[in-house]
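In: Just a sequence and a predicted model for now, questions to come.
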Amino acid sequence: LNPPEYGKAKDLFLQTNSLNNCNPTCNPLFSVGIPNGSILDQLRRFSEIQAFQQQQRQLKQDNFNFPKLRELIGKFDGKITAQNSLNSGIKAQFQISGGKYNNPTGKTEGNPWQWGNFIADHVEIDGQYDDGITQLVPVKIQTGNALINFKGTFGGATQSGEISVDNLPLSSLNNLVTFPPQFGFEGILNGKANFSGSRDNPSAIGQIQVVDATVNQTPVQSTNGAFNYNNAKLTFLLNSILNKGAEPLIIKASVPFQLPFATTPPENNEIQLSLNLKNQNLALLNILTKNQVEWLDGEGEVNLNISGILAPKQSKPTNLIANGVINVKNGTIAAIALPEGNLTGVTGTINFDFDTLKVQELIGNFGGGQITVKGNLPINNDIPQEEPLIATLDPLNIELKRIYQGEVKGEIMITGNLLSPTLNGFLELF
């Protein structure tokens, strides 16, 4: 055997002289940046790369689909018996198993099944076929400690069955669903569901439980939920406890969602979301901002009802309308952007009125001074306001290491909309 020929680091660069030596003018074979470009050009390229990555994530989400049956890879053995007659048609019984198994000595042999990105250590399929109707009793799929049991009857005009899931890591769902990149979900999923309807218009009802859950690496004490899927509309209720001793966080939602194999579309593309949380559950702010902003203490209550339109193959809803109120009293908030202290005494009321956020008055103390926010800001559309949202900074003592130390005062006007704000104003440093 001949020894392998390894490449060298210089092979990653285009040679620019006859001696085949790399010098400072060598160009890499592949580059996504503009190392010699201006700051503006580099920022523009960085923005283009981010947009491309978002397009790829969206493409993966839009192509939500189960793999084709021909993509199933794996060895199996079993028994199939079949008979056919003019009167009763084709009848068959089957028992199939595949994947890893233990031989008589207890040693594990075989390889897991693979279906697209799904991997199953062991699979058992037991069922029968009778004149166009398939009955599965049951199908068992095991990977690690996770076990999926499925039994049901389908074919013909209707279908019915039930499925149970035990000890399934949420991370394995990334093979099927692309979660929003700003959220990192971990935990173990358990659940049961009954399904019915037809292949063109399936329906289901079930319950789920997530244990050892974390969101953006922040532990969640417990999460339980129930869901109903009917006429291409998913309705669910989630009950989560973020911290020990905290009151439940309750989320209700209705979302249009047509399964890839179904032909019946939802009656409309409206989404509905209801959110209720109180006091300690305002720690949800920590999760949503990946601890960039943290709710430390205080009293607060959020009651919101949000509606909008989620068009097919779109990840972001449009025409958002919100109704509800946020009340905060004597809150303490920490932020990485405020390394020298916390925002304390945060008190005020924020109203969500149709398509406008209305801040009656929101005050907080920082750096020996006070920050006051008042005014209105559209939620979704850029509509000029008679009383725009303005943040007033009374003299604040700011200390940013190696950047600035002194007092700051001024006004910042926030226009545009809540989803895409524009900041204008003045700051006076002294």
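Out: Received it, and whenever you're ready, just let me know what you need.

In: contacting residues for the spatially closest residue to N380 that is not a sequence neighbour?
Out: Leaving out its chain neighbours, the residue that sits closest to N380 by C-beta to C-beta, 6 or more residues apart in numbering is L320, at 4.5 Å. Where you see a C-beta, it was placed from the backbone N, CA and C, and this is true even at glycine. By C-beta atoms under 8 Å, 6 or more residues apart in numbering, the residues touching L320 are 306-308, 355, 379-380, 419.

In: Just the pLDDT for L320.
Out: pLDDT recorded at L320 is 75.

In: Tell me the secondary structure of it, please.
Out: Following DSSP: H, G, I helix; E, B strand; the rest coil, L320 is assigned to strand.

In: which residues in the stretch 101-250 of the chain form strands?
Out: 101-102, 108-109, 113-115, 118-120, 122-130, 133-143, 146-154, 160-169, 185-197, 202-215, 218-220, 222-230, 233-241, 249-256 (DSSP state E, counting those that start in this stretch).

In: what's the distance between L357 and L418?
Out: Separation of L357 from L418 (C-beta to C-beta, to the nearest Å) stands at 6 Å.

In: Quick check: neighbours shared by these two?
Out: Common neighbours of L357 and L418 (C-beta under 8 Å, 6+ apart) are 377-379.

In: Is it possible to mark the buried ones in those?
Out: 377-379 (16 or more other C-beta atoms under 10 Å).

In: Identify the residue with the minimum pLDDT among the residues you listed.
Out: For those, the pLDDT minimum is I379, 78.

In: Pull the contacting residues for that residue.
Out: Counted by C-beta under 8 Å, 6+ apart, I379 has contacts 320-322, 352, 355-357, 417-419.

In: can you rerun that using 6 Å?
Out: Neighbour list for I379: 320, 322, 355, 357, 418 [criterion: C-beta atoms under 6 Å, 6 or more residues apart in numbering].

In: Skip the chain neighbours and tell me the closest residue to it.
Out: The shortest distance from I379 to any non-neighbouring residue, by C-beta to C-beta, 6+ apart, is to L418 (4.8 Å).

In: which stretches of the stretch 51-200 of the chain have low pLDDT?
Out: Along the stretch 51-200 of the chain, the model assigns pLDDT under 70 to residues 54-67, 174-184.

In: Quickly note the distance from the residue nearest to N380 to K252.
Out: Counting by C-beta to C-beta - L320 and K252 are separated by 17 Å.

In: One more: N323?
Out: N323 is 14 Å from K252, by C-beta to C-beta.

In: Repeat that for S307.
Out: S307 is 12 Å from K252, by C-beta to C-beta.

In: Then F150?
Out: 28 Å.

In: Over to N319?
Out: Distance from N319 to K252, by C-beta to C-beta: 20 Å.

In: Going by distance to N342, which of the contacts of L320 wins?
Out: L419 (27.2 Å; C-beta to C-beta).

In: for the nearest residue to the closest one once chain neighbours are set aside, what are its contacts?
Out: Leaving aside its sequence neighbours, L419 sits nearest to N380 (C-beta to C-beta, 6+ apart; 6.4 Å). By C-beta under 6 Å, 6+ apart, N380 lies in contact with 320, 355, 417.

In: who's in contact with the second one?
Out: Pointing back at D355 there. So D355 contacts 321, 379-380 (C-beta under 6 Å, 6+ apart).

In: hmm, back to that, can you lay out the buried ones among the shared contacts of L357 and L418 as CSV showing secondary structure and distance to T332?
Out: As requested, these are exported to CSV (DSSP: H, G, I helix; E, B strand; the rest coil; distance: C-beta to C-beta, whole Å):
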residue, secondary structure, distance to T332
L377, strand, 24
P378, strand, 29
I379, coil, 27
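
In: Tell me the one of these nearest K401?
Out: Closest to K401, out of all of the buried ones among the shared contacts of L357 and L418 and judged by C-beta to C-beta, is L377, at 32.6 Å.

In: still on that earlier bit, state the helix or strand in which the residue nearest to L419 lies.
Out: Using DSSP states H and E, N380 maps to neither a helix nor a strand.

In: what do you get for I49?
Out: Judged by DSSP H and E, I49 forms part of helix 39-62.

In: What's the first helix or strand after that helix?
Out: Immediately after helix 39-62, counting by DSSP H and E, sits strand 72-73.

In: Relative to that next one, what are the paired strands and their orientations?
Out: Using DSSP bridges, strand 72-73 pairs in its sheet with strand 113-115 (antiparallel).

In: So what pairs up with N424 in the strands?
Out: M413.

In: do V123 as well
Out: Going by DSSP bridges, V123 forms beta bridges with G98, I141.

In: Please name the residues that touch it.
Out: 98-99, 113, 141.

In: can you list these in JSON lines and add distance to G331?
Out: JSON lines is the format used below for the contacts of V123 (distance: C-beta to C-beta, whole Å):
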{"residue": "G98", "distance to G331": "57"}
{"residue": "G99", "distance to G331": "54"}
{"residue": "W113", "distance to G331": "52"}
{"residue": "I141", "distance to G331": "47"}
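
In: mind listing what's buried in stretch 218-229?
Out: 218, 220, 223, 225, 227, 229.

In: Grab the nearest non-local neighbour of the fifth one.
Out: If I follow you right, that is F227. F236 (4.0 Å).

In: Quantify the burial of the nearest residue in space to L259 that is not next to it in sequence by counting its neighbouring residues.
Out: Nearest residue to L259, sequence neighbours excluded (C-beta to C-beta, 6+ apart): P202, at 6.5 Å. Using other C-beta atoms under 10 Å, P202 is surrounded by 19 other residues.

In: which residues pair with P202 across the strands?
Out: Applying DSSP bridges, one finds that P202 bridges with G197.

In: Check the gap between it and I326 for me.
Out: For P202, the distance to I326 - C-beta to C-beta - is 38 Å.

In: Test of understanding: give the bridge partners of the residue nearest to F227.
Out: F227, A253.
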